[in-house]
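Trainee: Prediction below, plus the sequence it came from.
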Amino acid sequence: MIINTNPGAAMAARVLGESSSALQKSLSRLSSGSKIASPSDDAAGTGVAMKFGAQINRIQAARDNVGNAVAFAQTQDGFLEKVGNALDRMSELAMLAQDETKTNSDRDLYDKEFQKLDEFIFNTRSKTFNGVSLFSNASMYVTVSDSGTTMLSNYIDLSVTAYDAVTGVAVGTSSGAVAALSAIETAISALANDRAVVGANMSRLEAESSALANQKDNISAARSRIADVDVAQESANFARQQILVQSGTAMLAQANVLPQSALRLIG
């Protein structure tokens, strides 16, 4: 029986300290929802989870870029649809102006509407999306991956010859109406091709957006397995550590009492 050293109390204090530390760590995990309360919990996991987190953010940024490009293409197609409506009406006016039972004065009435529709098509060339021209000969490259891969979104140019041919024609005379109809048919063919190009761009962009969403979900799940706490499992561990701390505290108290029995021998 000794007084200066109490091995039982020292061991109980050590175990209690370890249990208290484990309890605090478990509490931190449950309160934060993170399995890695400190980098020391899982050094490699911390690094991998951090890289996954950065990749997830890049994927979301790429999705935002693709989403904006889809909106750009949808805006393009909206204007092209209106241009198509205008060309349809202009072709109808050109046919009506070829009616030999009408005078040039009658044709002038058709021409007034014809010229206004032509003005609408001409003005459409200058339309923009957030300051970026919708209809120019400049190619657009859209970032479609977290690594910076881009896709070429083919441009639509309303200043090409097929559309220019419509500008300047008139249906004020029968011969002019014939020439106008020929120019309009050429423009309608060009418009059909341009709308197909826009549709192809939108289809590719929507596919890229879907792929990015799928990639983000999978990487998020992988990161979750590394960094997110399993609440059910950690709750059981928390309860276990609570019991160990309580029992350790009780045993440390008992260990501290043992040396007092030496007083009976001295007394």
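Mentor: Cool, got the structure.

Trainee: buried sites along stretch 120-139?
Mentor: By neighbour count on 16 or more other C-beta atoms under 10 Å, the buried set for stretch 120-139 is Ile121, Thr124, Arg125, Phe129, Ser133, Leu134, Phe135, Ser136. For every residue, glycine as well, the C-beta is placed using N, CA and C.

Trainee: Any idea how far apart the tips of that stretch sit?
Mentor: End-to-end distance for stretch 120-139: 24 Å, by C-alpha to C-alpha, to the nearest Å.

Trainee: element containing Ala9, please.
Mentor: Ala9 is part of helix 7-32, with elements assigned from DSSP states H and E.

Trainee: which parts of the host helix or strand of Glu234 are buried?
Mentor: Counting by DSSP H and E, the element that carries Glu234 is helix 231-257. By neighbour count on 16+ other C-beta under 10 Å, the buried set for helix 231-257 is Glu234, Asn237, Phe238, Gln241, Leu244, Val245, Gly248, Met251, Leu252, Ala255.

Trainee: contacting residues for the second one?
Mentor: Neighbouring residues of Asn237 by C-beta atoms under 8 Å, 6 or more residues apart in numbering: Ala22, Ser26.

Trainee: Quick one: mean pLDDT for the one helix or strand Thr46 maps to?
Mentor: Using DSSP H and E, Thr46 maps to helix 43-97. On average, the pLDDT along helix 43-97 is 94.

Trainee: what separates it from the chain centre, distance-wise?
Mentor: With C-alpha atoms, centre = their mean, to the nearest Å as the basis, helix 43-97 stands 12 Å off its chain's centre.

Trainee: what about the nearest residue to Gly176 once chain neighbours are set aside, distance to Met95?
Mentor: Nearest residue to Gly176, sequence neighbours excluded (C-beta to C-beta, 6 or more residues apart in numbering): Ala170, at 5.0 Å. From Ala170 across to Met95, the span is 15 Å (C-beta to C-beta, to the nearest Å).

Trainee: just to revisit the earlier point, lowest pLDDT pick from the buried residues of helix 231-257?
Mentor: Within those, pLDDT is lowest for Ala255, at 74.

Trainee: List the contacts of that one.
Mentor: Asn6, Gly8, Ala9, Met11, Ala12.

Trainee: where are the low-confidence patches of the stretch 151-267 of the chain?
Mentor: 259, 262-263, 265-267 (pLDDT under 70).

Trainee: sorry, back to before: which secondary structure elements does the helix holding Ala9 contact?
Mentor: helix 231-257 (3 or more C-beta pairs under 8 Å, 6 or more residues apart in numbering; DSSP states H and E).

Trainee: now the angle between helix 7-32 and the helix it packs on, please.
Mentor: 160 degrees (axes from the mean of the first three to the mean of the last three C-alpha atoms, to 10 degrees).

Trainee: Tell me how many other residues crowd Ser28.
Mentor: The tally of other residues near Ser28 (other C-beta atoms under 10 Å) stands at 14.

Trainee: check contacts around it.
Mentor: Residues near Ser28 by C-beta under 8 Å, 6+ apart: Ala37.

Trainee: That concludes my questions; thank you for your assistance.
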